[in-house]
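Colleague: how would this look folded up:
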Amino acid sequence: MAERERVVRMSVEQPLWRALTGYRVLTMVYAVLLALFGKDHQGRQPFERPWVAFAYLAFLAVWTLATLPKVRSAASCTKRFLGADLVVALAGVMLTPVADIHSQTFDGPTLPSIWTAGAVLAFAIKGGWRWAAFASTFVAVANIIQRGEPSRDTFHNVLLVWVASIAIGYVVEVARASERTLARALEIEAATRERERLARDIHDSVLQVLAMVQRRGTAMGGEAAELGRMAGEQEVALRTLVSSGLVPPTRVSEDAAEGAVVRTVDVDEESPDDGATCDLRALLAPHAGSRTSFAEPGAPVVLPAEAARELAAAVSAALDNVRVHAGDGAQAWILVEDEPGEVIVTVRDDGPGIPEGRLAQAEGEGRMGVALSIRGRLRDLGGTAEVISVPGQGTEVELKVPKAQVSRGKAGSAR
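Modeller: Numbers count the residues shown, from 1 in each chain. Okay, here's the model as predicted:
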């Protein structure tokens, strides 16, 4: 048995977490070296209370190294850690004037220096631009309070961190959306290849056997001919099923940070109020048989689930009319067309046709099959049903459902 293809996905944001890990270590080392070898504006040691500065920087170094596992991925970077990390950064900013009372008179670096931006970037990568704006706002307020009377350079640095973090957060959201799209495309590709493999196996075995039974039974006659006819019907039904595919499940691509897993959700799990949709082809495919040909587009014909069921019921009613009025030997054809603004389903047969005025007479006699089962359903969907019949040339029923009208009708029902 052939092995099923395995789809392997990679999180596009994982390199950002690795870069953030390196950034935090490097900026921590930079802050420590700046405190050890930096000079103030007069060439003296930058801190009047060095014990405050070095106590904080020692804690910062331990915190940075101890929390490296927390910034390896979005799953390990929890909200509690982000809050604590931001508090560490803000504490360093607010302790700067305690360690050096002259820090408010000139634009020198704060104790954590550019390490603070790493705490904001963690918010951006984890939660997107809104989280980044939240964290950078706190950092901006802390810097302004620490400066007392902020200068132009202070506002410039605050604005730079704010804009950069929001931009990175937005890029992360776009990357996640792209990953979801890629994951869904890979899943569909794998499902298509699996379906093609199954179609080849069925064609090489079951379909050929059914075709042979049909030929031999027809040639032998008698009860074998009936068995051959039934085998022929099953061959047509199975071939149609293989070519059209089963009901495609709804695939939901989960967030990349949680494994980028595409899980399958049955349409029945969603209620109509949640906007469940359905592929019309899957509802019409079972009608295909030895006496009914089914032609469909290659792509799914997606409609709201309720609308698709009503349209399929109208098609079923039209086929019932073919069996009742055109006879068991009549051939029927179903054609599905997916236009940009509407879905068109045509049901045609090669029966004797409907005499002129017969439909109106049937309605007058109380037989409302076409009026209610077909036209009534289409009218409720905002569509139309047109019956064209020429005596001796068969009957054609054309069902049209505008896509926009269906959406508006469901929205109005919800209200």
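Colleague: helices and strands around the host helix or strand of Glu396, which ones?
Modeller: Taking DSSP states H and E as the criterion, Glu396 maps to strand 395-402. Packing partners of strand 395-402 (3 or more Cβ pairs under 8 Å, 6 or more residues apart in numbering; DSSP states H and E): helix 305-321, strand 342-349, helix 377-380, strand 384-389. All C-beta atoms are positioned from the backbone trio N, CA, C, and that covers glycine.
Colleague: avg pLDDT for the longest one?
Modeller: Confidence over helix 305-321, taken as the mean pLDDT, stands at 88.
Colleague: below-threshold pLDDT in the stretch 51-200 of the chain: ranges please.
Modeller: Scanning the stretch 51-200 of the chain for pLDDT under 70 picks out 101-108, 150-151, 199-200.
Colleague: re the thing from before, columns mean neighbour count on top of the helices and strands packed on strand 395-402, output as TSV?
Modeller: Output for those, formatted as TSV (neighbours: other Cβ atoms under 10 Å):
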stretch	mean neighbour count
helix 305-321	21
strand 342-349	21
helix 377-380	16
strand 384-389	16
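Colleague: follow-up on the earlier one: who does the strand holding Glu396 pair with, and is each partner parallel or antiparallel?
Modeller: strand 342-349 (antiparallel), strand 384-389 (antiparallel) (DSSP bridges).
Colleague: what is the rounded mean pLDDT of the last one?
Modeller: For strand 384-389, mean pLDDT is 86.
Colleague: closest one to Ile374 among the strands paired with strand 395-402?
Modeller: Among the strands paired with strand 395-402, the nearest to Ile374 by Cβ to Cβ is strand 384-389 (4.9 Å).
Colleague: and the closest one, how far out from the chain's middle?
Modeller: 38 Å (Cα atoms, centre = their mean, to the nearest Å).
Colleague: CA atoms only: put it into CSV for me.
Modeller: Provided in CSV are the C-alpha atoms of strand 384-389 (Å, rounded to 0.1, in the frame of the first residue of the first chain):
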residue,chain,number,x,y,z
THR,A,384,-35.5,32.1,-10.8
ALA,A,385,-36.6,28.8,-12.3
GLU,A,386,-37.4,28.7,-16.0
VAL,A,387,-39.0,25.7,-17.7
ILE,A,388,-38.5,25.3,-21.4
SER,A,389,-40.2,22.4,-23.2
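Colleague: which SS class is Tyr23?
Modeller: helix (DSSP: H, G, I helix; E, B strand; the rest coil).
Colleague: report the contact partners of the closest residue in space to it that isn't next to it in sequence.
Modeller: Excluding the flanking residues, the one nearest Tyr23 by Cβ to Cβ, 6 or more residues apart in numbering is Gly118, at 5.3 Å. For Gly118, the residues meeting the contact criterion (Cβ atoms under 8 Å, 6 or more residues apart in numbering) are 20, 23-24, 27.
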